[in-house]
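> Quick one, what's the 3D model for this:
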Amino acid sequence: MFKKFSFSKKLSKKEEIEEVLNDAAAMCDKLFRDELESLNIFDYEYVIKDAVDDLGLDEDLVNQLLEDYVAQIIKSIDQFNEYIELLKDLKMNVSESDFITLRELAHKNLGVARNLRIKDAEKLLYDLLKKDDLEHLSLCLKALEACAIKLKPECAYDTLYLIKIKNSF
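Modelled structure (predicted):
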């Protein structure tokens, strides 16, 4: 979804990060107002203090863990999309067992989101874990990626940039 950015030399890195962040924020606003309104996370803002207090860790370590989480989500989005496309290709012949790989990936990421007290990601990943509507799951993925970008824009940008470079070889 956010791989469309050119990462051109026409904009500075700071300007490109700001562009990615603005697009992610607009995506979240649209999805949480409309298609994903039932999740009730439109006005959600992550508060690092909650994780620091609950986990008994210092803020620098929680920030590092958040960056690891964001990179993990950005890297996982392609895998999630592959599984959903595979399920869409099966059309009416989808069984519960066909969702296993998708649900395992959601479960892995849900554990990290819960540990870091990232409430919007928790709700999105929970839907990925429990729901079968493939269109809804695709929307959850878009929102999950956008939320990750909003959480740590520079880290998300760097991860997207590295993926782009890796895929160019």
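
> what is the mean pLDDT for stretch 89-106?
Regarding stretch 89-106, the rounded mean pLDDT is 87.

> Convert that stretch to CSV, retaining C-alpha atoms only.
Extracted C-alpha coordinates of stretch 89-106, given in CSV (Å, rounded to 0.1, in the frame of the first residue of the first chain):
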residue,chain,number,x,y,z
ASP,A,89,-8.5,-17.1,-5.2
LEU,A,90,-10.1,-20.1,-3.4
LYS,A,91,-13.4,-18.1,-3.5
MET,A,92,-16.2,-20.3,-2.2
ASN,A,93,-14.0,-23.2,-1.3
VAL,A,94,-12.4,-21.6,1.7
SER,A,95,-12.3,-23.7,4.9
GLU,A,96,-11.3,-22.8,8.4
SER,A,97,-8.0,-24.7,7.9
ASP,A,98,-7.1,-22.3,5.0
PHE,A,99,-6.9,-19.4,7.5
ILE,A,100,-4.3,-21.1,9.7
THR,A,101,-1.2,-19.4,8.3
LEU,A,102,-2.9,-16.0,8.3
ARG,A,103,-4.1,-16.5,11.9
GLU,A,104,-0.7,-17.6,13.1
LEU,A,105,0.9,-14.5,11.7
ALA,A,106,-1.8,-12.3,13.3
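
> burial measure for the closest residue to His107 other than its chain neighbours, as a count.
In this structure, His107 finds its nearest non-sequential neighbour in Leu129, 5.9 Å apart by Cβ to Cβ, 6 or more residues apart in numbering. Placement of C-beta: from N, CA and C, glycine included. Neighbourhood size, Leu129 [other Cβ atoms under 10 Å]: 17.

> same thing with Leu36?
Neighbours of Leu36 using other Cβ under 10 Å come to 22.

> Over to Tyr46?
Count around Tyr46 with other Cβ under 10 Å applied: 18.

> so what pLDDT did it get?
As predicted, Tyr46 sits at a pLDDT of 96.
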